[in-house]
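**Student:** 3D model of this:
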Amino acid sequence: MDAHASPTSRARDTFVARSLLLTDDDVRRAVRRMAHEVVERLRDTESLVVLGLQTGGVPFAQLLSASLADITSHDVDQGTLDVSFYRDDLDRRPFVASTTSRVPVDLNDRVVVLVDDVLFTGRTIRSALNALADFGRPRAVQLAVMVDRGHRELPIRPDYVGKNLPTSLSEEIVATVAGVWIGTRTPA
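**Tutor:** Numbers count the residues shown, from 1 in each chain. This next block holds a predicted model:
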């Protein structure tokens with residue numbers, strides 16, 4: 001996707017972009033900054049596992065892992081986590097059958113950084129915490145998000161944030177590695 005082209009559709013509705021908030025360069029800088037914050041906070045990155053939440057968090061997890069590898073000069077274990085079966089709103093959100101979890105290592109006594117594109121109500125992260133239990137007992141779980149838009153319904157707070165973008169409930173945020181847009185959703 002072109003860095004200045006807006007995303008337009010999803011499975012059940014259409015996203016109408018109002019403004020490009022962050023370019024692809026802005027996104028890469030924010031992810032690089034988050035990687036530096038992870039290294040500063042953890043120091044021991046050997047026990048680190050980065051898991052991108054399917055589907056929006058995966059590209060950001062890949063970018064974060066690459067930045068961490070560049071900073072630390074060693075590869076960081078990276079995988080994906082599908083939380084579909086753990087959601088409490090399956091009746092309102094379509095189930096994406098093509099996604100799967102790929103956790104490359106045993107999570108026992110590891111530090112897991114969950115990565116997602118947009119943090120909104122916190123319900124996806126709650127689902128992710130439940131899904132993690134199937135893969136072991138991490139020493140610690142941290143959260144990195146590209147965009148925190150507020151409106152939390154659960155007591156969840158990210159450890160690393162690319163950009164805080166307060167929104168109204170009627171606004172939508174679409175975050176990709178090609179950029180971050182604000183707009184609205186209309187039924188298809």
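
**Student:** Let me see the contact set for Val105.
**Tutor:** With contacts taken as CB atoms under 8 Å, 6 or more residues apart in numbering, Val105 has the following neighbours: Val49, Asp77. Every C-beta, even on glycine, is put in place using the N, C-alpha and C of the backbone.

**Student:** Against Asp75, how distant is it?
**Tutor:** According to CB to CB, to the nearest Å, Val105 stands 12 Å off from Asp75.

**Student:** same question, Trp181
**Tutor:** Distance from Trp181 to Asp75, by CB to CB: 32 Å.

**Student:** hang on, isn't Asp117 packed against Arg149?
**Tutor:** No. With contact defined as CB atoms under 8 Å, Asp117 does not count as touching Arg149 (10.5 Å).

**Student:** Tell me which residue lies nearest the centroid of the chain.
**Tutor:** For the chain, the residue sitting closest to the mean C-alpha position, by CA atoms, centre = their mean, is Asp116 at 0.8 Å.

**Student:** for this protein, longest strand please?
**Tutor:** Looking across the chain with DSSP state E, the single longest strand is strand 13-23.

**Student:** which helices and strands does that one pack with?
**Tutor:** strand 160-164, strand 172-176, strand 179-187 (3 or more CB pairs under 8 Å, 6 or more residues apart in numbering; DSSP states H and E).
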